[in-house]
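Enquirer: quick one, fold the following:
(2 chains)
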Amino acid sequence: MDPIKPSKNNICKFLRARNPYGMMEGGEHPWLLLDDANTICWCITSSGAMGPDNGLVSPKHCKEGRSCFVSGDADVL
Amino acid sequence: MNTKKEKFPYGIPGHNLGEIEREIPIEEPPVWPVNDKLKVIGKRVTRIDALDKVTGKAKYTSDMKLPGMLYAKMLRSNVPHAVITSIDISKAKNLTGVHAIHLIENSPKEGEENTKGKYPMVKYVGQPLGGVAAESLEIAKDAIALIKVNYEEKPFVIDMEAAMEIGAPIVFDEPITQQEDGGDVGEVHDGSKGQGNVRGPSTSSFFGGPRGDLEKGFAEADVVVERTYRTQVHTHMPLETHGVVVDWKPDLMMVYTSTQNTNNVRNEMASIFNLPKSKVRVVCDFMGGGFGAKHSAGSFGPMAANLAKKSGRPVWLMLDRQEEHLAEGNRPSSKQYLKIGAKNDGTLTGIQQRSHGTAGVGLGAGVGRIAQILYSCPNFATEQYDVLTNAGPGAAWRAPGNVQGAFGLEQAIDELAEKLKMDPLSYRDHIDKSEVRKVERQRGAALFDWSRRQPAGSGKGVVKKGLGVGQSTWPRFVTLDSSVEIKIHNDGGVEVRSSVQDIGTGTKTILAQVVAEELGLQVKDIKVNIGDTFFPVGPGSGGSVVTGSITPPTRNAAFEAKKELLNLVAKKWETDAAELFISDGQVGHNTDTELKMSFKEATKLMRTSQISKTASRSDDYGGFQQPWGLAYGDLGSVQFAEVSVNTNTGFVKVDKIVAAHSCGRPLNIGQLESQINGGVIQGVSYALYENRVMDKSTGHMVNANVDQYKVPFSMEIPEIESIIVEEYSARSSTDAYGIGEPANIATAAAIANAVYNAIGVRIYEIPITPSSILKALNKVS
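Expert: Next up is the predicted model:
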């Protein structure tokens, strides 16, 4: 696990970490791995471990610049 | 912040119970004494929903029937790796009774060209491709059979070791060129593997990274054990499969679902369909079990919602058992190398761990942190690698990674003890610093009669008996986003509200117990309404977090509601509210015994129809471990196994398990025993039976059913005796924690050690089958 929490803004809004330990962050960082060795990553857009671009899903991959990336700020209701 | 100082019970009754002073926020309720002095907490209270469950009154998601409801079935891939060239739905669309078909398609962003093809690539057999909603499940199934999917098949790989070879088919085509991409760029150990499908290594966790100097540690060692352990892929088998009913009304998406996390499902559905959270309501009233794979809306949730949107009708979508096996998660496999060194006096000098595992098309196949933290050792390092294969994705599975990790570590510790000529239980006394596990070893050994244990393989006759032990640790996780509303109605009724769900473990009952204890009422007086996202946010049921997260705010909200009620009584009696108490349903006065009023009568003093108080989980007393906010302490366990091994047939029978556990302040002894029983049975099943079998030539799982995917029958379940050790640590207003994960971690390791004790040959791979026993005994090749 990275010692520094990654910036939320750089992570795709559709990434979810199925970490085994529940959320300790008040639900604000749903992609946070806590323990990257035991966390399954999931894209809620494609409903799977594979992103809409057919690539692997993880916080290291689901960043700005990836074709399917959607910013957390893109939430228009 | 205003604070007060309070003295709390601290330690283990019958061992080292004392007191500790903590400075806590002034609004926190007064200290609860140890359980012996409480009326409801720590007692064997019957589940408040037991009658509903055994009479069939309890309604589960699959029981839902709404007016006009359609039944849905999902379309899934039947090849392991392919590009979809076309999908023909014309015949299905024209089938009488079909109302909607939804296919999962790539949708490029606005203004961008779709370069990835119309449909997502197929990466494993069972991958969801679409769904049909029809007037009956039978019609939906018929429609699915009429859909023609044309594939351009690609090479695939199922076997983990084959996937690690250079030249293996690549599961994800995108090149891995930078460490930042998660790529394993040249970090290989045998010079021939590590490219393509391998990701990692993961070397650190919230417990820190590598420590000390391994080379120095092993140089100091007099004794070294160096072994490789293997565990299988273990799929999820909850009694109730995954599923939803989605009723998408104009102003509200109503979702009934079997979930471990109502709040998470609500948030996901809101994000996927770009809805405000306030316009999605998720309800889970009763649930037929979940062990880590039911935290999300999955693929079935959005599918049902899309079908509901297209058809304009509610849609029922429950998965069948085959779909569960193929696509709804599994405990990844592991191949774990362990090297452990110790001095002649037993002191550990080095622990090295390296693992590879496959979670299919997903990541997260590590073996946990148990080797890092269970025993004190100055020199430690781990490297945990994921290997991608064309198989269904893994999921959290009751103590993810730790069960695999314990299977290796606890056998290695046994082997080390033997080399040191020490009894394995005594050796753990020497190297384990945990006070609670020390007590568990003492009490467990006495109940189990560990003194019966004979040297390995020394038994006479065809059927040999063996005794073994295994230990575990699990962190105390707390979800601070945990809130509860307590209502006291003016008719005397008391209600608990939270979105937290009861996944079958008895959460409803412990919440009623906490409120009953605080309000001086009986459990039957409390109505618990949970599992609904229209109520305050509760935690997900994972990581054994629920009890430690939700019971403190429950007590705190009840305490606040009680204070307000007692203020009304004090006003009427013209006395100080601090002098009042509620006990056995009566409001009383500390010094004036003439003053009495029933609880129900007191509620009639309310000016409004109800008192409503909401509380959220406060920080642990004494704070959290920094920087990651982890609670102090752990949930320790020690399990003892007795087995019989037939050396002619190879059959292993687990005769008895003694399971000694801690979870802070125990709230309900019967429910804790029930969870321990469940954990042990799953552990027996993992050690001896369950195993996903894949056809490497087709990529299909060949035992995706409940016939050939073996789980224990009643005759294969051992006698289970539980020991629950009370342990007070003064960290919250209830000081209670869960026991879900810990009940499951040590069982397979204890059984493996018992099997070794029986036959004198160690088995390094599970499941331990008749074949593996006979091979170990050189009776078959």
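Enquirer: could you use CA atoms for every contact and neighbour count after this?
Expert: OK.
Enquirer: can you count the residues close to A:Arg66?
Expert: Using other Cα atoms under 10 Å in any protein chain shown as the criterion, A:Arg66 is surrounded by 12 other residues.
Enquirer: and B:Gly243, by the same measure?
Expert: Using other Cα under 10 Å, B:Gly243 has 24 neighbouring residues.
Enquirer: wait, it sits on B:Asp320?
Expert: No - here B:Gly243 does not reach B:Asp320: they are 9.2 Å apart, not a contact under Cα atoms under 8 Å.
Enquirer: pull the contacting residues for residue 64.
Expert: Just so you know, I chose chain A. Remark: with contacts taken as Cα atoms under 8 Å, 6 or more residues apart in numbering or on different chains, A:Glu64 is in contact with A:Asn10, A:Ile11, A:Cys12, A:Val70, A:Ser71.
Enquirer: chain B was what I was after
Expert: B:Met64 sits next to B:Val245, B:Trp316 when contact means Cα under 8 Å, 6+ apart.
Enquirer: show me where pLDDT drops low in the stretch 51-200 of chain B?
Expert: Applying pLDDT under 70 to the stretch 51-200 of chain B flags residues B:174-195.
Enquirer: show me where it has its helices.
Expert: For the stretch 51-200 of chain B, the helices defined by DSSP state H, counting those that start in this stretch occupy B:90-93, B:137-146, B:160-163.
Enquirer: reformat those as TSV; add distance to chain A.
Expert: As requested, the helices of the stretch 51-200 of chain B are exported to TSV (distance: least, Cα to the nearest Cα, whole Å):
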stretch	distance to chain A
helix B:90-93	24
helix B:137-146	20
helix B:160-163	16
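Enquirer: as JSON lines, those with distance to B:Ala561 and mean neighbour count would be great.
Expert: As requested, the helices of the stretch 51-200 of chain B are exported to JSON lines (distance: least, Cα to Cα, whole Å; neighbours: other Cα atoms under 10 Å in any protein chain shown):
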{"stretch": "helix B:90-93", "distance to B:Ala561": "57", "mean neighbour count": "16"}
{"stretch": "helix B:137-146", "distance to B:Ala561": "48", "mean neighbour count": "20"}
{"stretch": "helix B:160-163", "distance to B:Ala561": "57", "mean neighbour count": "20"}
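Enquirer: show me where the stretch 501-650 of chain B has helices.
Expert: Here the stretch 501-650 of chain B has its helices, by DSSP H, counting those that start in this stretch, at B:507-519, B:546-573, B:599-603.
Enquirer: I'd like the ones you listed as JSON lines, with distance to chain A and mean pLDDT appended.
Expert: Putting those into JSON lines (distance: least, Cα to the nearest Cα, whole Å; pLDDT from 0 to 100) gives the following:
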{"stretch": "helix B:507-519", "distance to chain A": "16", "mean pLDDT": "98"}
{"stretch": "helix B:546-573", "distance to chain A": "9", "mean pLDDT": "98"}
{"stretch": "helix B:599-603", "distance to chain A": "35", "mean pLDDT": "98"}
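Enquirer: any idea which of those is most buried?
Expert: For the helices of the stretch 501-650 of chain B, average neighbour numbers computed from mean count of other Cα atoms under 10 Å in any protein chain shown are highest in helix B:507-519, which has a mean of 25.
Enquirer: other SSEs contacting it?
Expert: strand B:526-530, helix B:546-573 (3 or more Cα pairs under 8 Å, 6 or more residues apart in numbering or on different chains; DSSP states H and E).
Enquirer: same thing but 10 Å
Expert: Counting contacts by 3 or more Cα pairs under 10 Å, 6 or more residues apart in numbering or on different chains; DSSP states H and E, helix B:507-519 packs against strand B:494-498, strand B:526-530, helix B:546-573, strand B:580-583, helix B:669-688.
Enquirer: and the fourth one, how far from the chain's centre?
Expert: In other words, strand B:580-583. For strand B:580-583, the gap between its own C-alpha mean and the chain's C-alpha mean amounts to 39 Å (Cα atoms, centre = their mean, to the nearest Å).
Enquirer: check the first one too.
Expert: With Cα atoms, centre = their mean as the basis, the distance from the averaged C-alpha position of strand B:494-498 to the chain average is 25 Å.
Enquirer: what's the angle from it to helix B:546-573?
Expert: Here strand B:494-498 runs at 140 degrees with respect to helix B:546-573, directions being taken by axes from the mean of the first three to the mean of the last three Cα atoms, to 10 degrees.
Enquirer: related to what we said a few turns ago, so which of the contacts of A:Glu64 comes closest to chain B?
Expert: Distances from chain B to the contacts of A:Glu64, taken as Cα to the nearest Cα, are shortest for A:Val70 (9.5 Å).
Enquirer: list the contacts of residue 49.
Expert: Picking chain A for this. Contacts of A:Ala49 were listed using Cα atoms under 10 Å, 6 or more residues apart in numbering or on different chains, and they are A:15-16, A:40-43, A:55-58, B:123, B:360-363, B:392-394.
Enquirer: other chain: chain B
Expert: Going by Cα under 10 Å, 6+ apart, B:Asp49 touches B:Lys57, B:Ala58, B:Phe286, B:Gly504, B:Gly506, B:Lys508, B:Thr509, B:Val528.
Enquirer: give me the number of residues near the first one?
Expert: This means B:Lys57. Counted with other Cα under 10 Å, residues neighbouring B:Lys57 total 10.
Enquirer: burial measure for residue 60, as a count.
Expert: No chain was given, so I picked chain A. By other Cα under 10 Å, the residues close to A:Lys60 number 14.
Enquirer: looking at chain B here, not the other one
Expert: Close neighbours of B:Tyr60, defined as other Cα under 10 Å, add up to 18.
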